[in-house]
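Enquirer: Predicted model follows, preceded by the sequence.
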Amino acid sequence: MEEKIREILSEVSGVPLSELHEDTRLVGELGMSSFDLADAVVSLEEACGVKIPDARFHEMETVGDIVRILREENAL
């Protein structure tokens with residue numbers, strides 16, 4: 001599932017999959033806007049079959065943060 005997360009983030013950001021790592025910053029390195037992040041979250045929710053609480057959005061700074069949050073929400 002972690003690979004799927006990276007695939008979705010690559011698709012939304014336009015950054016090659018090979019450049020996405022656990023510590024890759026969503027805004028700084030991927031250049032994602034809040035709209036891009038919201039789009040990615042919707043795709044992730046659909047792929048994982050889970051609803052990520054809106055209150056957790058501020059925690060999503062890196063690819064690793066998204067993986068951690070999905071694990072904590074029992075999606076992985």
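Expert: Right, received. Where do you want to start? Numbers count the residues shown, from 1 in each chain.
Enquirer: pLDDT wise, what is the residue nearest the centre of the chain at?
Expert: Nearest to the geometric centre of the chain sits Ile66, at 4.7 Å (C-alpha atoms, centre = their mean). Predicted confidence (pLDDT) for Ile66: 93.
Enquirer: Return the residues in contact with it.
Expert: Applying C-beta atoms under 8 Å, 6 or more residues apart in numbering to Ile66 gives the contacts 5, 9, 26, 40, 44, 60. To be clear about C-beta, it is placed using only N, CA and C from the backbone, and glycine gets the same treatment.
Enquirer: Which strand or helix spans it?
Expert: Following DSSP states H and E, one finds Ile66 within helix 63-72.
Enquirer: Just the buried positions in that helix, please.
Expert: By neighbour count on 16 or more other C-beta atoms under 10 Å, the buried set for helix 63-72 is 63, 65-67, 69-70.
Enquirer: Columns distance to Leu17 on top of these, output as a markdown table?
Expert: Shown next, in a markdown table, are these (distance: C-beta to C-beta, whole Å):
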| residue | distance to Leu17 |
| --- | --- |
| Val63 | 11 |
| Asp65 | 18 |
| Ile66 | 15 |
| Val67 | 15 |
| Ile69 | 20 |
| Leu70 | 18 |
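Enquirer: Just the contacts of Ile66: which are in strands?
Expert: Within the contacts of Ile66, no residue falls in strands by DSSP state E.
Enquirer: Kindly reformat those residues as a markdown table containing distance to Ser33 and neighbour count.
Expert: Output for these, formatted as a markdown table (distance: C-beta to C-beta, whole Å; neighbours: other C-beta atoms under 10 Å):
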| residue | distance to Ser33 | neighbour count |
| --- | --- | --- |
| Ile5 | 19 | 22 |
| Leu9 | 13 | 23 |
| Leu26 | 10 | 22 |
| Ala40 | 11 | 22 |
| Leu44 | 16 | 22 |
| Met60 | 13 | 20 |
